[in-house]
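S.K.: one predicted model, sequence on top.
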Amino acid sequence: MYGSAASRAKGPAAPAAFPVKKPRVYNLLRAMDAASAVREKKLAALGSVFAAVALVVLKVYLAAATGSLGVLSEALHSGLDLVAAVLTFLSVSVSDRPADTVHTYGHGKVENFSALVETALLLVTALYVIGEAFRRLLFVHAALRPSVTALLILGLAMLIDFVRARGLGRVARRYQSDALEADALHFSTDVWSTGVVLVGMAAVWVGDRLAVPQLAYADPVAALGVAGVILWIGLRLGKRTLDALLDAAPQGLVERIRQSAESAPGVLAAERVRVRRAGNRHFVDLAIIVPRRLGVEQAHDLSDEVEARVHEVVAGDVMVHVEPRAEAAEGLFDRIRALAQRSGMPIHEIAAQQLDGRLLIDLHLEVDEDLSLLQAHRRATQLEESIQRALEGEAEINIHIEPYGVHIPSAQELKDLEEAIGQHLDRLRNEYPELADFHQIYVRSVERRVVVSCHCAFQGQLPITRVHDVTAALEERLRRQFPEIDRVTIHPEPIEEA
């Protein structure tokens, strides 16, 4: 199952290299552009207010001068456009305010609500025009007084509507503003509806000139055309607005976010992807499944990488929740490390061997140096029982307990230890005549552990087996004399080349 030959793991597996692209650049650019975005949106909305005022004045005058139901419906439509433009200006003034303790997701929903109100105004206008058109078609004949002046005024109104619709649409797309998009749709419907009224009035004018009285019905028919356009555009806008208010995710966006998160190296899967929109900002929550062998810093770096990748799919605030799980092909050593890490127990020097059909596991457990033997042994027993449960009792476990220590020796302490080690090696030359010389003694503090290395010279004709026995004995004697030493490495060399 785990192999018959002895295997050994000196320490935790090398951390996976995760390329981390912090989303800070995105946040910085968003903050820098916020002021200019608010200013441009307000100017666009204010321009719509003035345009709507001009259109209302023109169309009310024209409706009074011609008696056209189509023009009257357009005047009403433009009057509601004026109300909508004022709502848009107010909403964009509020929606970009930063989040506070009460509105933790910001004020972006104001734009969505404003768009919903504008949609309702569009639908009310359409229903009124439809009712009035059928009344004139079936019951009441209204005199219509078309003229070239009226046609020119309608053409000018179409031009104003077209320019404002283009300008609002451009700003709405740039900043993903529902309110400005609704306002742009108001003006774009005005272009089509005014065009229909223009055709109807031209038909009545032609009917008067050619003595074709049936063309007098072109005006209410044109009004029905206007109402149809308003209903079609209004229902589409209303659906989008309701989707935003009900936090409906755009089609396919959740799947694209999941695929983007799972493309990050080290992510096993992405789950519970949720998207909500407030104004022009998206809020994304998702959970990523990562190997449980990862440390806290590695998992955090991986979540930053996922956040950056999601920002490439959709701009907004991203919250990544990390869940550790066992990999499908998790190895024995990674499994043991994960169990120890979950219990907050640092381990190293894991070794495993199959002997007579039974798995033998040796490992070193690091404990606080202030613990008593009883306390340290209980921690080791806790870890042993955890590993036994994971392996279903099929292993024999031997745990070596050692203090990890918290004291970091100073440079002077390390220098004093070097001198003491040199003096002790000098005394050991009487016991080990093979030791001809020693030099280059280095004492370092590595990860709160004292590590010693030195060079020892021997006669070049000595067998390497004897040299190995002597160096091993010297290392043991040094560790016994200086308990603070964690590891000793002696490099043997011939005295002739030393």
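M.R.: Received the coordinates, thanks.
S.K.: so which residues of the chain form strands?
M.R.: 7-9, 269-278, 281-291, 316-325, 347-355, 358-367, 395-403, 437-446, 449-458, 485-494 (DSSP state E).
S.K.: same for the last one, what does it pack against?
M.R.: What it means is strand 485-494. strand 449-458, helix 464-481 (3 or more C-beta pairs under 8 Å, 6 or more residues apart in numbering; DSSP states H and E). Glycine gets a C-beta too; all of them are placed from N, C-alpha and C.
S.K.: direction included, what does the first one pair up with?
M.R.: As defined by DSSP bridges, the strand partners of strand 449-458 come to strand 437-446 (antiparallel), strand 485-494 (parallel).
S.K.: next up, the contacts around residue 56.
M.R.: Counting by C-beta atoms under 8 Å, 6 or more residues apart in numbering, residue 56 touches 75, 78-79, 81-82.
S.K.: scratch that, residue 360 is what I was asking about
M.R.: Residue 360 neighbours (C-beta under 8 Å, 6+ apart): 352-354, 395-396, 398.
S.K.: the residues you listed: which two are farthest apart?
M.R.: 354 and 398 (14.9 Å; C-beta to C-beta).
S.K.: may I ask which of the contacts of residue 360 has the most neighbours?
M.R.: Counting neighbours by other C-beta atoms under 10 Å, residue 352 leads these with 21 neighbours.
S.K.: ok, and the closest non-adjacent residue to that one?
M.R.: In space, and not counting its chain neighbours, residue 352 is closest to residue 361: 5.1 Å by C-beta to C-beta, 6 or more residues apart in numbering.
S.K.: do I have it right that the one you found meets residue 400?
M.R.: No: checked against C-beta atoms under 8 Å, the pair residue 361 and residue 400 is beyond contact range at 11.5 Å.
S.K.: which of these two has more residues huddled nearby?
M.R.: residue 361 (21 against 13).
S.K.: identify the bridge partners of that one.
M.R.: residue 352, residue 397.
S.K.: what's near enough to touch it?
M.R.: So residue 361 contacts 336, 350-352, 387, 395-398 (C-beta under 8 Å, 6+ apart).
S.K.: gap between residue 449 and residue 418?
M.R.: 16 Å (C-beta to C-beta, to the nearest Å).
S.K.: okay, now the unreliable bits of the stretch 251-400 of the chain?
M.R.: Along the stretch 251-400 of the chain, segments meeting pLDDT under 70 span 279-280.
S.K.: find the nearest non-adjacent residue to residue 404, please.
M.R.: Per C-beta to C-beta, 6+ apart, closest to residue 404 is residue 366, 3.8 Å.
S.K.: so the one you found makes contact with residue 402?
M.R.: Yes: the pair residue 366 and residue 402 qualifies as a contact (C-beta under 8 Å) at a distance of 6.0 Å.
S.K.: can you add distance to residue 272 and give the contacts of residue 361 back as CSV?
M.R.: Below are the contacts of residue 361 laid out as CSV (distance: C-beta to C-beta, whole Å):
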residue, distance to residue 272
336, 30
350, 34
351, 40
352, 37
387, 31
395, 36
396, 41
397, 37
398, 42
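S.K.: what about residue 174, neighbour count?
M.R.: Residue 174: 14 surrounding residues under other C-beta under 10 Å.
S.K.: so who does it touch?
M.R.: Contacts for residue 174 (C-beta under 8 Å, 6+ apart) come out as residue 40.
S.K.: one more pass at 10 Å, please.
M.R.: By C-beta atoms under 10 Å, 6 or more residues apart in numbering, residue 174 lies in contact with 37, 40-41, 44, 180, 280.
S.K.: turn those residues into a markdown table, including neighbour count and distance to residue 427.
M.R.: Converted to a markdown table, the contacts of residue 174 look like this (neighbours: other C-beta atoms under 10 Å; distance: C-beta to C-beta, whole Å):
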| residue | neighbour count | distance to residue 427 |
| --- | --- | --- |
| 37 | 18 | 78 |
| 40 | 17 | 83 |
| 41 | 27 | 84 |
| 44 | 25 | 89 |
| 180 | 31 | 88 |
| 280 | 23 | 79 |
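S.K.: farthest pair within these?
M.R.: Longest span within the contacts of residue 174, C-beta to C-beta: 44 and 280, 13.3 Å.
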